[in-house]
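J.: Show me how the following folds:
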Amino acid sequence: MRKTLEGLLPAILLFVTAAQARVTRVVIEHRESPAYNGQSFKDAGAYERLTGHTYGELDPKDPLNAIITDIQFAPRNASGMVEYSATFSMAKPVDLTKASGLLVYLVPNRGGISLEPTGALVKDSLNRGDIVLASGWQGDIAPRLGLETISVPVARKGDGTSITGPVLARFSDMPPNTTTLPIVRGRLPNTAQPVGLDTSKATLTRRASEGGQIIPIRSSDWAFADCAKVAFPGVPDPGKICLKNGFEQAYLYELVYTAKDPMVLGIGYAATRDLIAFFRYAVQDDIGAVNIVARKINFAIGQGNSQSGNFLRSLIHLGFNQDESGRMVFDGVNPNIAARQLALNVRFVAPGGAAGMYEPGSDGVVWWSSYTDTTRGRPAAGLLDRCRATETCPKIVETLGSAEFYGLRASPDFVGTRADRDIPLPPNVRRYYFPGVSHGGGRGGFDANAPRPAAGCQLPANPNPSSETMRALMLALTEWVVKGTPPPPSQYPRLDRDELAAPTQAALGFPAIPGAPLPDGLINPMYEYDFGRAFHYNDLSGVTGIQPPPIRQVLPSLVPRVDQDGNETTGVASVLHQAPLGTYLGWNVLAEGFSKGRSCGQTGGYIPFAKTKTERLAADDPRLSLEERYGTHEKYVVAVRTAAARLVRDRFLLREDADRLIAEADRSAVLK
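T.: Model prediction:
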């Protein structure tokens, strides 16, 4: 009898904690078995795909939830709980006895995510037998087939009246002959709705340059309306604005209005926490539906790119890496190409931004270790403060590249807001920097010819890849979490080694290449904004009471140093970067439009080397030609082979990827 009870005890405990995980119901709406056209994966065999909805509730009084902005104003059910629902997608082995014990959670970016094995990271997980999961967390996204979304409540005052506040929307580089613009593209129509359609109670302005003279537009010349089919003043629409004589491409337009009924978007953090906790620890939901992967998950890793990488950083910082029972949520995370926090836990926020002017994101803590932000007058703090206090910090592999310095304000992550000293990394954090890459890396390949310029940009798109290095580092993170095997030492530029400098040609020693732009003025400046007293800066939470926010000061930023070719010199350099065919840049320049001559988003640029010495001299190019560097095609392949061997030795490249890259270089036309 005793043996029977001992066998049942873990199941009883897991059932009890199911309610504490706050996911009350999991509904599988579609099952594809086998999935992927019946493909069999190495250690796992066939997979099946499941999609559906999860339903959860949160106790607004629980300290772990109380940090969610406006949760105290959210409607409650009969039990005093705040409810939400979210979509989810899962890929799992058909035969769960072949499951690896690892859950890999892929954070959707603006609702989009793929569980297809076309990408190396997903394919590697499926070959191991991992359970792969994604779910909705961004509550302002309009539901659409193929997107992961979440439904969160609207906050209102206790008497049922609306909560209101100022909202800023900016418009530039619109198509010609545009008369109507959505206030925020891709969001639900009731997101940050104006309190009314009276334009005299809002402000629309235009200016010819960023920081230029602001010109108000008469309230009678524009409307909250759609003029696409009906002439001005058009069809009333709270989600759009229409300008009587159309918007001019040469101007930047800014709209400030009073919005009502904010969504409690910060629930997205808690919903993700509770979904992972449910699948890790629960046996069944509150209505008795069985957890389909119960007792099959020993470890969980979260991976997110860009916006979704910022999501992971803020989830940890705000204390959501422990569930309501104090248990670990993620054992490891990879925030990739993510240098900021995510502005999700802010009233009337637009979390789909990308470090644009006046967007919150770099205003809080962005460093892993404790750092005193004396420049902005803020106390010592770090992203890991809350998880350290509860011993729930995950192992972290942070990966980012050149575009994050130039476009996403990565500098304070490394050297703080004074840009005067390195901020050390804690023992549970590794950082790997990819020199000379675009946001997310390039397409790769060994093509010595100059491709066409990237869309809207002056320079061709940067081909320098990071995908092979990412694959090796995700394997290193997995082995760190599952086996305790330490990953390679961190590799990133440091100030104490003189590997960082001001973002100017003079400071960097960037070569003067005829016809090519210079880096001066292309970095996205680091501003200190005044969002008002109700904004909690270190936590990037609360209420933005002033729009647009005044700029208190511009903070210094540094970028990685370059060599005589203009290529960055520090970090985990790809094979292509070590055997370069040109200069690989984390920045590019817009070729036209309102922002002509300024940074071209997150698209990096590429300036190919001349093929021969004669061509180089004719172009007055200071960089050696391919002929002068390598001599012959065979010697170029040797350079590729040497670089690949070095990366394999240091665990930054898998052997199979190295062999493939060497074969590609051998087949290429470089110096043939």
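J.: check contacts around Arg320.
T.: Quick fix: residue 320 reads Phe, not Arg. 64, 269-270, 272-273, 329 (C-beta atoms under 8 Å, 6 or more residues apart in numbering). Every C-beta, even on glycine, is put in place using the N, C-alpha and C of the backbone.
J.: Around Ala381, how many other residues sit close by?
T.: With neighbours defined by other C-beta atoms under 10 Å, the count for Ala381 comes to 19.
J.: Run through the residues that contact it.
T.: Applying C-beta under 8 Å, 6+ apart to Ala381 gives the contacts 365, 370-371, 373, 538.
J.: Just the buried ones from the contacts of Phe320?
T.: Restricting these to buried positions leaves 64, 269-270, 272-273, 329, with burial counted as 16 or more other C-beta atoms under 10 Å.
J.: And the contacts of Ala381, which is closest to Thr258?
T.: Proximity of those to Thr258 was ranked by C-beta to C-beta; the top entry is Asn538 with 27.4 Å.
J.: The stretch 301-450 of the chain: helices as residue ranges?
T.: When assigned using DSSP state H, counting those that start in this stretch, the helices of the stretch 301-450 of the chain occupy the ranges 307-317, 385-390, 402-407, 411-415.
J.: Mean confidence (pLDDT) on the first one, please.
T.: The one in question is helix 307-317. Helix 307-317 shows a mean pLDDT of 98 in the predicted model.
J.: so how far is Tyr584 from the residue nearest to Val575 when sequence neighbours are not counted?
T.: Distances taken as C-beta to C-beta, 6 or more residues apart in numbering place Ala643 nearest to Val575, at 4.6 Å, with adjacent residues excluded. Remark: distance between Ala643 and Tyr584 (C-beta to C-beta, to the nearest Å) = 14 Å.
J.: If you count surrounding residues, which of these two has more?
T.: Neighbour totals were compared for Ala643 and Tyr584, and Tyr584 leads with 28 against 22 (other C-beta under 10 Å).
J.: Now do the same contact list for the closest residue to the more buried one other than its chain neighbours.
T.: If you skip the residues right next to it in sequence, Tyr584 has Gly436 as its closest partner in space, 3.5 Å away by C-beta to C-beta, 6+ apart. Gly436 is in contact with 401-402, 462, 464, 567-568, 573, 577, 583-586, 604, counting by C-beta under 8 Å, 6+ apart.
J.: for this protein, which strand is longest?
T.: Using DSSP state E to assign secondary structure, the strand with the most residues in the chain is strand 45-58.
J.: Pull that strand out as PDB, backbone CA atoms only.
T.: What follows is the C-alpha trace of strand 45-58 in PDB, where atoms were taken according to Å, rounded to 0.1, in the frame of the first residue of the first chain:
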ATOM      1  CA  GLY A  45      10.700   9.700 -35.400                       C
ATOM      2  CA  ALA A  46       7.500  11.400 -36.500                       C
ATOM      3  CA  TYR A  47       6.100  14.600 -35.100                       C
ATOM      4  CA  GLU A  48       2.600  15.900 -34.600                       C
ATOM      5  CA  ARG A  49       1.400  19.600 -34.700                       C
ATOM      6  CA  LEU A  50      -1.200  20.900 -32.200                       C
ATOM      7  CA  THR A  51      -2.900  24.300 -32.200                       C
ATOM      8  CA  GLY A  52      -5.500  25.800 -29.900                       C
ATOM      9  CA  HIS A  53      -6.300  28.200 -27.100                       C
ATOM     10  CA  THR A  54      -5.200  28.400 -23.500                       C
ATOM     11  CA  TYR A  55      -7.400  30.200 -21.000                       C
ATOM     12  CA  GLY A  56      -6.000  31.600 -17.800                       C
ATOM     13  CA  GLU A  57      -6.600  33.800 -14.800                       C
ATOM     14  CA  LEU A  58      -4.500  36.000 -12.700                       C
END
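J.: Give the partner strands of it in its sheet and their orientations.
T.: Next to strand 45-58 in the sheet, as set by DSSP bridges, lie strand 23-32 (antiparallel), strand 40-41 (antiparallel), strand 82-93 (antiparallel).
J.: Mean confidence (pLDDT) on the shortest one, please.
T.: Spelled out, that is strand 40-41. For strand 40-41, the mean per-residue pLDDT is 98.
J.: ok, and what's touching it?
T.: Strand 40-41 is contacted by residues 46-47, 93, 117, 126-127, 129 when judged by C-beta under 8 Å, 6+ apart.
J.: Most neighbours of all the residues you listed, which one?
T.: Among the contacts of strand 40-41, the one with the most neighbours (other C-beta under 10 Å) is Tyr47, at 27 neighbours.
J.: and the gap between the residue nearest to Tyr584 and Arg651?
T.: When distances are taken as C-beta to C-beta, Gly436 and Arg651 turn out to be 21 Å apart.
J.: same deal with Leu508?
T.: When distances are taken as C-beta to C-beta, Leu508 and Arg651 turn out to be 30 Å apart.
J.: Compare these two (neighbour count), which wins?
T.: Of the pair Leu508 and Arg651, Leu508 is the one with more neighbours under other C-beta under 10 Å, namely 21 against 15.
J.: Now render the contacts of Phe320 as JSON lines, adding secondary structure, pLDDT and distance to Asp563.
T.: Supplementary listing: the contacts of Phe320 in JSON lines, determined by DSSP: H, G, I helix; E, B strand; the rest coil; pLDDT from 0 to 100; distance: C-beta to C-beta, whole Å:
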{"residue": "Leu64", "secondary structure": "helix", "pLDDT": "96", "distance to Asp563": "49"}
{"residue": "Tyr269", "secondary structure": "helix", "pLDDT": "98", "distance to Asp563": "42"}
{"residue": "Ala270", "secondary structure": "helix", "pLDDT": "98", "distance to Asp563": "47"}
{"residue": "Thr272", "secondary structure": "helix", "pLDDT": "98", "distance to Asp563": "42"}
{"residue": "Arg273", "secondary structure": "helix", "pLDDT": "98", "distance to Asp563": "45"}
{"residue": "Val329", "secondary structure": "coil", "pLDDT": "98", "distance to Asp563": "42"}
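J.: for those residues, which one is nearest Phe299?
T.: Set against Phe299, the nearest of the contacts of Phe320 by C-beta to C-beta is Val329 (11.2 Å).
J.: in the chain, which residue is closest to the centre?
T.: The centroid of the chain falls nearest to Ser306 when counting by C-alpha atoms, centre = their mean (1.8 Å).
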